[in-house]
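> Mind folding the following:
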Amino acid sequence: MLLENEIIRLRAVEPEDLERLYAWENNPQLWVVGNTRNPYSHFQLKQYILNSDKDIYENKQLRLMMVCLKTGETIGTVDLFDFDIHHSRVALGLFVDIAFQGNGYAKAALLLVEDYVFNFLKINQLYCQIAENNTASRHIFEKEGYETNGVLKNWIKTPDGFENIIVFQRFK
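So this is what the prediction gives:
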């Protein structure tokens, strides 16, 4: 299978994911790193799932669910967004539920996504923006050879003030 390794499988969003997505998307503690400002309804998420049948070329984004092969549990998401075919780049967001962090799932997902983006989609650049204080995520991207190519000063507003964002890039 294209999007599977010995640790995880990345799969399309299914209707059965509704409650898990509802919990993750409506967790205000996670809103800080994203652009969410208000909760999502079950109806909105059902519509999102129903419309997720379009491909990345049409939607300019793709969400994949991260599944632990050992337990079969859905443990997180991978988001490819801001897909720009002309400039051959796509942004990446990785999320692993706090209950499953520290087990290598994010790294396993990153390796699968890189293979998908670079070898299947034939895209030249994968990039992400990580909060400066998110040392665990930064470590993963640094260890996997991503280049640090900028700091966006005071980019996100947190309950403690403003925080910098570090831009990471990897090229095919």
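> Could you check how far Tyr57 is from Thr158?
Counting by Cβ to Cβ, to the nearest Å, the separation of Tyr57 from Thr158 is 35 Å. Bear in mind the C-beta positions are built from the backbone N, C-alpha and C, glycine included.
> Return the list of helices and strands in contact with the biggest helix by length in the chain.
Using DSSP state H to assign secondary structure, the helix with the most residues in the chain is helix 105-115. Other helices and strands packing on helix 105-115, by 3 or more Cβ pairs under 8 Å, 6 or more residues apart in numbering; DSSP states H and E, are strand 8-12, strand 62-68, strand 74-84, strand 89-96, helix 135-143.
> Just tell me which of those ends up closest to Lys172.
When the helices and strands packed on helix 105-115 are ranked by distance to Lys172, counting by Cβ to Cβ, first place goes to strand 89-96 at 10.4 Å.
> quick one: contacts of the helix or strand of the chain with the lowest mean pLDDT?
Considering only helices and strands, the least confidently modelled element of the chain by mean pLDDT, DSSP states H and E is helix 28-31, at a mean of 76. For helix 28-31, the external contacting residues (Cβ atoms under 8 Å, 6 or more residues apart in numbering) are 24, 36-37, 95.
> So Arg11 sits against Leu62, correct?
No - using Cβ atoms under 8 Å, Arg11 makes no contact with Leu62, being 11.6 Å away.
> Tell me which of the two has more neighbours.
Legend: neighbour count by other Cβ atoms under 10 Å for Arg11 and Leu62, higher for Leu62 (22 against 15).
> what separates the more buried one from Leu30, distance-wise?
In terms of Cβ to Cβ, Leu62 sits 20 Å off from Leu30.
> likewise Glu132?
When Glu132 is compared with Leu30 (using Cβ to Cβ), they lie 17 Å apart.
> Can you list the buried residues in stretch 117-128?
For stretch 117-128, the buried set under the neighbour-count rule, 16 or more other Cβ atoms under 10 Å, comprises 117-118, 121, 123, 125-128.
> chain center to that stretch: distance?
14 Å (Cα atoms, centre = their mean, to the nearest Å).
> Quick check: end-to-end length of that stretch?
13 Å (Cα to Cα, to the nearest Å).
> which residues touch it?
Where contact means Cβ under 8 Å, 6+ apart, the residues beyond stretch 117-128 that reach it are 2, 56, 80, 85, 87-94, 113-114, 141, 146, 167-172.
> let's see it at 6 Å
88-92, 168-172 (Cβ atoms under 6 Å, 6 or more residues apart in numbering).
> Please indicate which of those has the highest neighbour count?
Sorting those by how many neighbours each has (other Cβ under 10 Å) puts Val90 first, at 25 neighbours.
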